[in-house]
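Chemist: no sequence on hand, only this structure:
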C-alpha cells in the first residue's frame with residue numbers, strides 16, 4: 001500500500017466523474033473545443049514549469065479538469081446523435097427497410113425469441129454503423145445464427161420500449177449500456193440472404209467454444225453438472241437450470257458462475273505454477289510472462305469477453321508485466337490502471353452491474369483485507385488458510401453489500417459459510433475442469449476422471465441447494481434507494497479510514513456520514529409511505545394497487561398470489577410494503593375525493609354519478625359517447641385487459657369529445673394524483 005500512485009487514483013476518479021456526468025446530463029453540444037483549450041492550457045503550464053520538481057496547484061487542477069472532460073467527451077462521442085453514420089439517422093419510422101447486418105453476439109434467448117446483437121452496416125444501400133437488438137422468432141429457422149453471419153433482411157426498426165410499470169427492470173437502459181439503441185423483430189420470411197462474413201477473433205472463439213461444448217456433451221457428464229462446467233470454464237450460463245441458478249444466488253455463490261476476477265486470479269496462479277520450469281531457460285521469465293498473458297487473453301475471448309473478465313485479465317497482465325520488469329507496484333495501482341484503460345476503450349462499461357461488482361469487490365479486498373487479517377496470525381497452515389478465506393470473504397462482502405441490496409434487494413446471510421467451503425476447492429474444480437475440457441477436445445478424457453469431476457460438481461450443487469434452503473438466513477425484499485446506496489458507501493469508507501488510522505477529524509467525518517445515512521433513511525421512509533393508487537399494466541389482466549404507509553392492497557379479478565409476480569414485486573419492494581393484502585375488484589373506488597368507476601365486460605350504468613374517472617376493463621361493449629354525455633367523466637383509463645382494436649376506437653372517441661384518455665398499453669401504468 002506504500003507504493004500507491006495517488007495521481008493514478010485521482011485521474012481514474014476524474015475520468016469516472018466525467019463519464020457519470022455525461023450519462024446523467026445529456027447535452028446536444030459536442031464539447032471538443034473546451035477539451036482542446038484545456039489540453040493546450042495544460043501543455044503551456046507543463047512547459048513553463050518543466051524544470052520545477054513540484055508542479056503548481058494550477059497545473060494539478062487543470063490536469064484533473066482535462067481528464068474529467070476526456071471522460072465526458074469519450075462518453076458523448078459514442079451516442080448516436082453525435083455519429084453521422086449511425087443507422088438511427090437513416091431508417092424509416094414505422095416502415096420496413098432493407099437492412100444489412102452482421103451478427104456480433106448471441107444473447108440469452110427468451111421464451112419466444114432468439115436474441116442477437118448485430119452491427120448494421122447498411123440501411124437501404126446507405127452505409128451505416130451501430131448495433132441493433134435483433135430478435136428472431138423461435139423455431140422459425142432450422143438452425144441458430146452464429147457470430148459473423150451476414151444477413152440482408154427486410155424489416156422495420158423500432159425503439160426498445162421502456163417498462164410500462166414503475167420500479168421494474170429497464171431493459172432499454174440495459175441495452176443502451178451495451179451501445180444498443182434500437183431493435184428489430186423478424187421471422188424467417190424477413191431474411192432475404194444469409195452469408196458467412198469475414199471471420200473475426202470473436203467469431204472464431206465462439207466457434208471453438210461450440211466445438212468444446214459439443215465435445216463435453218459426449219463424455220457422459222449429466223446435464224446439470226455439464227451446465228455448471230460450461231459456466232465455470234467457458235463462460236456460458238444459458239443452459240443452467242433456473243432453480244439451480246436461483247439457489248446459487250440465494251446461497252451467495254452466484255459469483256462463481258460468472259467468469260470474473262476470481263476465476264482469472266486462480267487460473268493466473270495455476271499458470272504461474274505450471275510454467276515455473278520455463279524460468280530456468282534463457283530469457284525464461286520473459287517467455288513465462290508472454291505465455292501467461294497470451295493464455296489469459298485467449299481465455300478471456302473464449303469465455304465471451306465480458307467486462308469483468310476483460311478487467312481481470314487486464315489487471316493480471318499488468319501484474320505480470322510489472323513482475324517481468326522487476327518493478328514493484330501496488331495492487332491498487334494495477335486496479336486503477338486497468339479501470340482507466342478499459343473506460344477509455346468503452347466508457348459504457350462503467351454502468352454494467354458485473355463491472356461494478358467486480359471492481360468494488362477487488363478494491364474492498366485490497367483495502368480492507370490486510371488490516372482485517374492482521375488481527376490473528378495462526379501458525380497452523382489449515383487455520384491460516386481458513387482465516388484468509390474468511391477475512392477475504394468478509395472484506396469482499398462488505399464492499400458488495402450496498403450494491404447487492406440496491407440491484408438485487410437481497411443479501412445471503414450464510415455467504416461466509418458458502419465461501420469457506422467453496423473457495424478452497426474452487427481451484428481444484430477449475431483445474432480439473434480445464435483439464436477435462438482439453439482432454440475432451442482431443443477425445444481422450446479418462447472415464448474415471450470424468451466420474452470424479454462429476455461427483456465433485458454434484459456435491460457442490462447439493463451443498464449450494466442446502467445453503468439456499470436455509471430461508472431464515474436470506475434477507476430478501478430490501479428497499480434500497482440510490483441515495484441510500486451513496487450514503488452507505490460514504491459510511492463504510494469513513495469508518496474504514498477511522499479503523500485503519502484514527503484521528504479526531506476523521507472520526508467527526510465518520511459520525512457525519514452516519515447522520516447523513518439516517519437522514520436519507522428517514523426521507524426514503526417518508527417518500528415511500530405516501531398514499532398512492534395505481535392502475536398497473538398487465539396483459540389480459542386488471543390489477544390496481546393501493547399503498548398507504550407500509551400497507552399495500554392489490555385489487556384484481558383473480559385474487560391469486562401476486563406477491564412475487566410481475567409487476568407487483570418490484571413496486572412492493574420500492575414502496576417498502578410490509579403488509580400485503582389481495583381483494584376482489586370493486587365496481588367503485590373512492591380515492592382523495594375522486595370516484596373511480598370500474599366498467600367490465602358487462603357494463604352496468606350507474607345512477608346519480610357525475611364526473612367520475614372511468615376505468616375500462618375486460619373489453620366492455622358499450623356506446624362510449626353516450627356514457628361520456630351522461631356521466632361527463634374527468635378522464636378515461638383503459639388497462640391491459642382490453643383488446644387493442646377497442647382501445648384505438650375509444651382513443652378516437654375521447655379525442656373527439658376532448659376527454660383525457662390513458663391507455664396503459666401505450667403510456668404505461670396510471671398513478672392517480
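Modeler: Received, thanks. Quantities reported herein were computed from a predicted structural model and do not represent experimental measurements.
Chemist: distance of the closest residue to residue 529 other than its chain neighbours from residue 571?
Modeler: Once flanking residues are discounted, residue 529 sits nearest to residue 549: 4.9 Å by CB to CB, 6 or more residues apart in numbering. From N, CA and C alone the C-beta is placed, and that goes for glycine too. Here the distance between residue 549 and residue 571 works out to 15 Å (CB to CB, to the nearest Å).
Chemist: just residue 268 next, same as before
Modeler: Here the criterion is CB to CB. By it, residue 268 lies 44 Å from residue 571.
Chemist: next: residue 151.
Modeler: For residue 151 relative to residue 571 (CB to CB), the value is 39 Å.
Chemist: what do you get for residue 211?
Modeler: Distance from residue 211 to residue 571, by CB to CB: 45 Å.
Chemist: between the two, tell me which one has more neighbours.
Modeler: Neighbour totals were compared for residue 211 and residue 571, and residue 571 leads with 22 against 11 (other CB atoms under 10 Å).
Chemist: quickly note the distance from the more buried one to residue 99.
Modeler: Taking CB to CB, one finds residue 571 at 37 Å from residue 99.
Chemist: repeat for residue 630
Modeler: In terms of CB to CB, residue 630 sits 51 Å off from residue 99.
Chemist: more neighbours, those two?
Modeler: residue 99 (28 against 12).
Chemist: what residues of the helix or strand that one falls within count as buried?
Modeler: Assigned by DSSP states H and E, residue 99 falls within strand 97-106. For strand 97-106, the neighbour count (16 or more other CB atoms under 10 Å) marks 97, 99-106 as buried.
Chemist: skipping adjacent residues, who's closest to residue 371 in space?
Modeler: Leaving aside its sequence neighbours, residue 371 sits nearest to residue 500 (CB to CB, 6+ apart; 5.5 Å).
Chemist: any idea of the pLDDT on that neighbour?
Modeler: Looking at residue 500, its pLDDT reads 87.
Chemist: over to residue 148?
Modeler: 90.
Chemist: nearest spatial neighbour of it, skipping sequence neighbours?
Modeler: Nearest one to residue 148, counting by CB to CB, 6+ apart, is residue 203 at 3.6 Å.
Chemist: residue 574 too?
Modeler: Per CB to CB, 6+ apart, closest to residue 574 is residue 167, 3.9 Å.
Chemist: pull the contacting residues for that neighbour.
Modeler: Residues in contact with residue 167 (CB atoms under 8 Å, 6 or more residues apart in numbering) are 570-571, 573-574.
Chemist: can you rerun that using 6 Å?
Modeler: 570-571, 574 (CB atoms under 6 Å, 6 or more residues apart in numbering).
Chemist: quick one: average confidence on whichever strand or helix holds residue 45?
Modeler: Here residue 45 sits within helix 32-48, counting by DSSP H and E. Averaged over helix 32-48, pLDDT sits at 77.
Chemist: check stretch 366-380 too.
Modeler: For stretch 366-380, mean pLDDT rounds to 88.
Chemist: got the buried residues for it?
Modeler: 366-369, 372-373.
Chemist: may I have the phi/psi pair for the closest residue to residue 516 other than its chain neighbours?
Modeler: Of all residues not flanking residue 516 in the chain, residue 487 sits nearest, at 5.2 Å (CB to CB, 6+ apart). Here is the backbone geometry of residue 487 (degrees, to the nearest 10): phi -60, psi -40.
Chemist: what separation is there between residue 487 and residue 398?
Modeler: For residue 487 relative to residue 398 (CB to CB), the value is 15 Å.
Chemist: and these two? Which one has more around it.
Modeler: Legend: neighbour count by other CB under 10 Å for residue 487 and residue 398, higher for residue 487 (22 against 18).
Chemist: tell me how far that one lies from residue 528.
Modeler: 16 Å.
Chemist: helix, strand, or coil at residue 598?
Modeler: Here residue 598 is recorded as strand under DSSP: H, G, I helix; E, B strand; the rest coil.
Chemist: for it, which non-adjacent residue is closest in space?
Modeler: residue 615 (4.9 Å).
Chemist: quick check, the one you found in a helix?
Modeler: No. Counting by three-state DSSP, residue 615 is located in no helix; its state is strand.
Chemist: need the contact list for it.
Modeler: Going by CB under 6 Å, 6+ apart, residue 615 touches 596, 598, 637.
Chemist: who touches the closest residue to residue 179 other than its chain neighbours in this structure?
Modeler: Sequence neighbours aside, residue 131 is the residue nearest to residue 179 in space, at 5.3 Å (criterion: CB to CB, 6+ apart). Residue 131 sits next to 117, 179-180 when contact means CB under 6 Å, 6+ apart.
Chemist: drop anything exposed from those.
Modeler: Applying 16+ other CB under 10 Å to the contacts of residue 131 flags 117, 180 as buried.
Chemist: mind putting the contacts of residue 131 in TSV, secondary structure included?
Modeler: Formatted as TSV, the contacts of residue 131 follow (three-state DSSP):
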residue	secondary structure
117	strand
179	coil
180	strand
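Chemist: tell me the one of the contacts of residue 131 nearest residue 356?
Modeler: Nearest to residue 356 out of the contacts of residue 131 is residue 179 (CB to CB; 17.3 Å).
Chemist: would you mind measuring from the closest one to residue 88?
Modeler: For residue 179, the distance to residue 88 equals 12 Å [CB to CB].
Chemist: which element is residue 601 on?
Modeler: Counting by DSSP H and E, residue 601 is found in no helix or strand.
Chemist: chain neighbours aside, what residue packs nearest to it?
Modeler: Using CB to CB, 6+ apart, the nearest residue to residue 601 is residue 618, at 4.2 Å.
Chemist: I'd say the one you found and residue 642 touch.
Modeler: No. With contact defined as CB atoms under 6 Å, residue 618 does not count as touching residue 642 (7.0 Å).
Chemist: residues near the residue nearest to residue 601, how many?
Modeler: Other residues close to residue 618 by other CB under 10 Å number 19.
Chemist: can you tell me which residues contact it?
Modeler: Residue 618 neighbours (CB under 6 Å, 6+ apart): 600-601, 641.
Chemist: pLDDT below threshold where in the stretch 51-200 of the chain?
Modeler: Under the criterion pLDDT under 70, the flagged ranges of the stretch 51-200 of the chain are 51-55, 140-143.
Chemist: where along it do the helices fall?
Modeler: Secondary structure of the stretch 51-200 of the chain (DSSP state H, counting those that start in this stretch): helices located at 57-76, 171-177.
Chemist: quick one: the helices in the stretch 401-550 of the chain, in order.
Modeler: Along the stretch 401-550 of the chain, the stretches classed as helices by DSSP H, counting those that start in this stretch are 415-441, 447-468, 482-500, 504-528.
Chemist: closest to residue 402 out of these?
Modeler: helix 482-500 (4.2 Å).
Chemist: what residue is smack in the middle of the chain?
Modeler: In the chain, the C-alpha nearest the mean C-alpha coordinate belongs to residue 353, at 3.6 Å (CA atoms, centre = their mean).
Chemist: can you redo the helices of the stretch 51-200 of the chain as a markdown table with distance to residue 582 and mean neighbour count?
Modeler: Formatted as a markdown table, the helices of the stretch 51-200 of the chain follow (distance: least, CB to CB, whole Å; neighbours: other CB atoms under 10 Å):
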| stretch | distance to residue 582 | mean neighbour count |
| --- | --- | --- |
| helix 57-76 | 45 | 19 |
| helix 171-177 | 28 | 16 |
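Chemist: turn these into JSON lines, including distance to residue 304.
Modeler: Formatted as JSON lines, these follow (distance: least, CB to CB, whole Å):
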{"stretch": "helix 57-76", "distance to residue 304": "24"}
{"stretch": "helix 171-177", "distance to residue 304": "16"}
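Chemist: with that, I have no additional questions.
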